[in-house]
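Student: Make a model of this:
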Amino acid sequence: MKLFKQFTIIIALSFIGEVLHALIPFSIPASIYGILLLFLLLEQKILQVDDVKEVSDFLIFIMPLLFVPAAVGLIDTWDELRASLTAYVTIIIAVTLIVMIATGLITQWFIRHSRKSVK
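Tutor: Numbers count the residues shown, from 1 in each chain. So this is what the prediction gives:
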């Protein structure tokens, strides 16, 4: 029954994310709304980590399996992708580097800022 309760909480938050996606006119995926809602509930101590831990661990464990349909879809469209493969790889590498650099700079800024506020 504990696992059912945990799974129900996660599904309910996902459903609320879908509702928010339908109501709010931003191009933010519904899953992001759901995960932000989960974060806020955990941060405000409305939910405890133990309220969703086992099911969350299980979902993370099977996550690679959840990507199989997407991989099959890529295989189905391989002929169309092959024509632009160089462009896709270049964009993926460039965006990955930009995200890594931006994350590093922002993290350094936060570390320096937190050190100044402690002193």
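
Student: Report the rounded mean pLDDT for the helix or strand hosting I101.
Tutor: Using DSSP states H and E, I101 falls within helix 85-118. Helix 85-118 carries an average pLDDT of 92.

Student: So the chain: which segments form each domain?
Tutor: Per automatic domain parsing, the domain ranges recorded for the chain read 1-66, 80-119.

Student: Out of those, the one nearest L74 is which?
Tutor: For the domains of the chain, proximity to L74 was assessed by Cβ to Cβ; domain 80-119 is nearest, at 6.7 Å. C-betas here are computed from N, CA, C, even on glycine.

Student: mind checking pLDDT for F58?
Tutor: Listed pLDDT for F58 reads 96.

Student: so how far is T90 from it?
Tutor: Separation of F58 from T90 (Cβ to Cβ, to the nearest Å): 37 Å.

Student: next one: L20
Tutor: Note on L20: its distance to T90, by Cβ to Cβ, is 35 Å.

Student: thinking again about what came up before, which one of F58 and T90 has more residues nearby?
Tutor: Set F58 next to T90 and count neighbours by other Cβ atoms under 10 Å: F58 wins out with 13 against 10.

Student: Can you give me the buried ones in the host helix or strand of the more buried one?
Tutor: For F58, the host element (DSSP H and E) is helix 53-61. By neighbour count on 16 or more other Cβ atoms under 10 Å, the buried set for helix 53-61 is 55-56.

Student: Can you list the buried residues in the helix holding I101?
Tutor: For helix 85-118, burial by neighbour count (16+ other Cβ under 10 Å) applies to no residue.

Student: can you pull the pLDDT of R82?
Tutor: Model confidence at R82, given as pLDDT, is 88.

Student: What is the neighbour count of it?
Tutor: Residues lying near R82 (other Cβ under 10 Å) number 10.

Student: How about A83?
Tutor: Other residues near A83 come to 8 when the count uses other Cβ under 10 Å.
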